[in-house]
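Engineer: attaching a predicted model along with its sequence, questions to come.
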Amino acid sequence: MKFEELKGLIEEKVRDLGAEVSGKEPNVIEVKVPREKVVEAAMRLRDMGFDHVKAVTAVDYPNERFEVVYVSSSYSNLDLAYFLVNLRTDLPYDDPRMPSLLEVWPSVLYQEHEEHDLMGIVFEGHPRMGERLLLPENYEGIPPLRKEFKVKTEGINA
Amino acid sequence: MVCALDGSMWVGNLEKAARKAAAWLVNKTPIRSLREWGIAFSLWPVHFTTACCGAEFGASAAPKFDTERFGFLPFIASRQCNVLFIEGTLSKKMAEAAIWVYEQMPDPKFVIAMGACGIDGGIFWNSYNVVRPKDILPVHVYIPGCPPRPEAVAQAIIMLQRKIREGELVTYEV
Amino acid sequence: MAVERTIRHIKALATGAKYMLGGHRLTLMYPDDVQEFPDGYRGMIEYDWNTCIKCGLCAMVCPADAMKMYVSKEESEEGKRPVRRPGINYTRCIFCGFCVDICPTNSLKFTKVHDVAFYTFEEQIFPPEKFREGVPKPQYDKKPRRVRAILDERRGIRYEPVE
Amino acid sequence: MSLEERELEVLIGPQHPASGHMRLVAKIDGDVVVELRPNIGYVHRSVEKLAEVKKYLQIIPLVERPSLADTTANNLTYVMAVEKLLGIEPPPRAQYLRTLLAEINRIHSHFYGMGIHGVMIGSSTAYMWCFGDREPLIELAQELTGARLTYSYIVPGGVRRDLPQGFEDKVEKVMRYLENRMPDYFDLYFNNPVTRARLEGVGVLSREDAIRLGVAGPNLRASGVPYDVRKVEPYAAYPELDFEVVTEEAGDAFARVMVRVREIQESIKIIRQVLKKIPDGPILNEKYMKMIPPNLRKQVEETGRIKFPGVFANLRVPAGEAIARVEGGRGEVIFHIVSDGKMSPYRMRMVTPSFRNVILFEHLTRGVRVADIPAIYGSLDYFPPEADR
């Protein structure tokens, strides 16, 4: 399948959700949807054959927004496997919650949990919200991947 | 002061005297050197992999380097071991487990910190989740490297044996 | 099925016996034999005091903040800007060799020494004055035989003494 | 007694006989596992956070450390993502050298996995054999790169070292050695009825579940999904090489081991082709080669070892986003880098195959016997530091 063709196809599928579809040659397609529509968009992508999520990335833009990116692709359809579809959504900085996509893609179980643990994003409907995954059980404080969490550094001089 | 007619004092004294005699005996030259020789060649590390240096620790127990030649046999239960090998990074969660394992080991016990992470955190020195083993355990030998070569592991074992046989590490007191 | 299983059991035992009797030994008898590494092996680092131009690139590229610019006590004069030279901290060094590869004057060099351990934390820090004295040498009880690993299509690895 | 009362919670680890650093929390009824939850994070070292304060070149050793037995995959993926942002291509010879190291690494990573698996199911001989046969390959990689496991060999724009003299012969010898050994492996271990009994039909992962759970690497291919990044989105020199994607249909622990064994055979094929087809030429991109001072450039030509240009210390990468994926020994590695044009990435997301396979611990162990847990654990080739990063 051609890049442009697939991009057009996806655009057609998710247009009524208020999605912005853009592309980066040769194989990355970006789909940006508002957070209320993210589950619906994910379902439509899954029905097109994008059956698993490879990575869930949350990015912190301090005092502005959080961006959550689901990098999905296909295992069952090897024509689609070449393409990566990034489903993106923006969350307001003071209210980082979004619906979990666990029902659509079971493969996000640990990835969403990790972003919750390290970035402090709440995925509603995920059964393990509030539990720790990688951090120690008694960890308290700012989620470490946020920009306001500072790691100490040393200069080049001793 | 305890009353001299109290029987328990006699027993206490007897036991103390016996312990003293035993300590005197095992610290005497021929027995002491025999004991230290025995300890030096039966260093059993507990199988406690803390991080990725475990891959090289595995390689040093494997055919090419075969550290079993030094009487160094990785063992499963901490109750039967006397060496704790910190194989790389000690995260906060793991540090708790390391202390438990160390406390379960019988005396005399030794700690070897393997890899840059096990000394000062290595490339992860400024990570928020890393603990330096020397802050929580008495470390006897450090092996630099990331990961150290299996030869360095062997060298550390030989150095530990040397130190044990010099009689600095193991003392028996009443 | 049972017959086949029995045959397989016997085959497994026979293979084990074949190797047990075949003298298929891979072990390097360290520390009696010490392996020589190939050229370019990334071991501990040697410092050439005279050719160093104190540019600080090594400290800049070091991923673990092990290579640092220390104030050189013998060269610094009071009231002037201190002269800084590189020193290495083996408590953090990860032997990636980036400092050696970026050094524009080849003042840092790889050595093939890598089998060293230390009793204390402090002796692993090498400020410039100590750094130039060369790499720490492992202690052997007797002089080891140097061997080279030869790859062999029948035995995997065998060892040959280096003349 | 009701079922709830009969259930026991067993904590396995983090100090346990297998390759440790994780805890398995098992709810058992008799010796049947009702539910098993992996408790990971025992080796969490915050690679993603540290990447935000380290410079681009310094991140190369950082991303290698989590998966010590399979460092080339992480190194290559990270560098590919950076190269996408920089917009530079390595020269063809460098592409072949990358492939060569990746395949050598794949073989010894598979041996590592099988050796640990051997320990877990109680076959020390398998451990000794696999770890012993890793050594010739490590010896090769050491000659090429100068280190046993942490190669840091691949840098933006190329590789750090050229082929040493007489390397082809040595590779050929090792490949022949492995081929000669393979039948003995089958006789001693894979066809051994004891091994078969422990592995066959244990921990079956169906094709649908493998896809649904987003499993990666040999574990996916053992369930009959012919997905391999080397074919799907070819990188390095793979477009020019001829090899097959290994799949098995059964999806059980034995199939997962068999995929690894057959991948070793494919890798041997690839390595031979690489050495036959490798073109002459530079090993670092022209742009960076020119920045090396002239006197050092001569030295580079003589020794075949790259000296870094000064610009590498403070490499600046244009703003943008890049995703790269590579098929490593344990499976697909993904790097998602968000750059804001500074000297460190704004956000680096690293998804390792082991992290994607953690979910299998929950899925495959439901209803199995406790004695099967190590057989399943080992067959996943799970490396905890890689999952925790």
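Structural biologist: On my side now, so go ahead.

Engineer: helix/strand/coil for residue B:146?
Structural biologist: Under DSSP: H, G, I helix; E, B strand; the rest coil, the three-state class of residue B:146 is coil.

Engineer: residue contacts, it?
Structural biologist: B:115, B:116, B:117, B:122, B:123, C:64, C:93, C:94, C:95, D:61, D:65, D:150 (Cβ atoms under 8 Å, 6 or more residues apart in numbering or on different chains). C-beta here means a position set from N, CA and C on the backbone, and glycine is covered the same way.

Engineer: export the residues you listed to CSV and tack on pLDDT, secondary structure and neighbour count?
Structural biologist: CSV is the format used below for these (pLDDT from 0 to 100; DSSP: H, G, I helix; E, B strand; the rest coil; neighbours: other Cβ atoms under 10 Å in any protein chain shown):
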residue, pLDDT, secondary structure, neighbour count
B:115, 87, coil, 29
B:116, 88, helix, 33
B:117, 87, helix, 35
B:122, 85, helix, 31
B:123, 88, helix, 30
C:64, 88, coil, 27
C:93, 89, coil, 27
C:94, 89, coil, 29
C:95, 89, coil, 29
D:61, 91, helix, 25
D:65, 88, coil, 31
D:150, 89, coil, 24
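
Engineer: just the helices in chain C please.
Structural biologist: For chain C, the helices defined by DSSP state H occupy C:2-22, C:57-61, C:98-102, C:128-131.

Engineer: just chain B next, same as before
Structural biologist: Using DSSP H, helices in chain B cover B:7-26, B:29-40, B:54-61, B:92-104, B:116-120, B:133-136, B:150-165.

Engineer: the fifth one packs against which elements?
Structural biologist: Counting contacts by 3 or more Cβ pairs under 8 Å, 6 or more residues apart in numbering or on different chains; DSSP states H and E, helix B:116-120 packs against helix B:133-136, strand B:141-143.

Engineer: dump the C-alpha coordinates for it into PDB.
Structural biologist: Extracted C-alpha coordinates of helix B:116-120, given in PDB (Å, rounded to 0.1, in the frame of the first residue of the first chain):
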ATOM      1  CA  ALA B 116      30.900   0.900  38.100                       C
ATOM      2  CA  CYS B 117      27.200   1.000  39.100                       C
ATOM      3  CA  GLY B 118      28.000  -1.000  42.200                       C
ATOM      4  CA  ILE B 119      30.600   1.400  43.300                       C
ATOM      5  CA  ASP B 120      29.300   4.900  42.600                       C
END
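
Engineer: which residue is it, in chain D, that comes closest to chain B?
Structural biologist: Of all residues in chain D, the one sitting closest to chain B is residue D:131 (3.3 Å; Cβ to the nearest Cβ).

Engineer: which pLDDT value goes with that residue?
Structural biologist: For residue D:131, the model assigns a pLDDT of 90.

Engineer: without its sequence neighbours, what residue ends up closest to the residue of chain D found nearest chain A?
Structural biologist: Chain A sits closest to residue D:214 of chain D, with a gap of 2.8 Å, by Cβ to the nearest Cβ. Leaving aside its sequence neighbours, residue D:214 sits nearest to residue A:107 (Cβ to Cβ, 6 or more residues apart in numbering or on different chains; 2.8 Å).

Engineer: what's the answer for residue A:48, then?
Structural biologist: Using Cβ to Cβ, 6+ apart, the closest residue to residue A:48 is residue A:13 (6.5 Å).

Engineer: flag every residue of chain A that's near chain D.
Structural biologist: A:24, A:27-28, A:51-55, A:57, A:59-60, A:69, A:71, A:75-76, A:78, A:81-82, A:84, A:86, A:105-111, A:114, A:118, A:132-136, A:144-145, A:149, A:151, A:153 (Cβ under 8 Å from any Cβ of the partner chain).

Engineer: quick one, which of the helices and strands packed on helix B:116-120 is packed in tightest?
Structural biologist: strand B:141-143 (a mean of 27; mean count of other Cβ atoms under 10 Å in any protein chain shown).

Engineer: how far off centre is that strand?
Structural biologist: 12 Å (Cα atoms, centre = their mean, to the nearest Å).

Engineer: tell me which other helices or strands it touches.
Structural biologist: Using 3+ Cβ pairs under 8 Å, 6+ apart, strand B:141-143 sits against strand B:110-114, helix B:116-120, helix B:150-165.

Engineer: mind putting those in CSV, distance to residue D:163 included?
Structural biologist: CSV is the format used below for these (distance: least, Cβ to Cβ, whole Å):
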stretch, distance to residue D:163
strand B:110-114, 32
helix B:116-120, 30
helix B:150-165, 26
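
Engineer: right, I'll leave it there.
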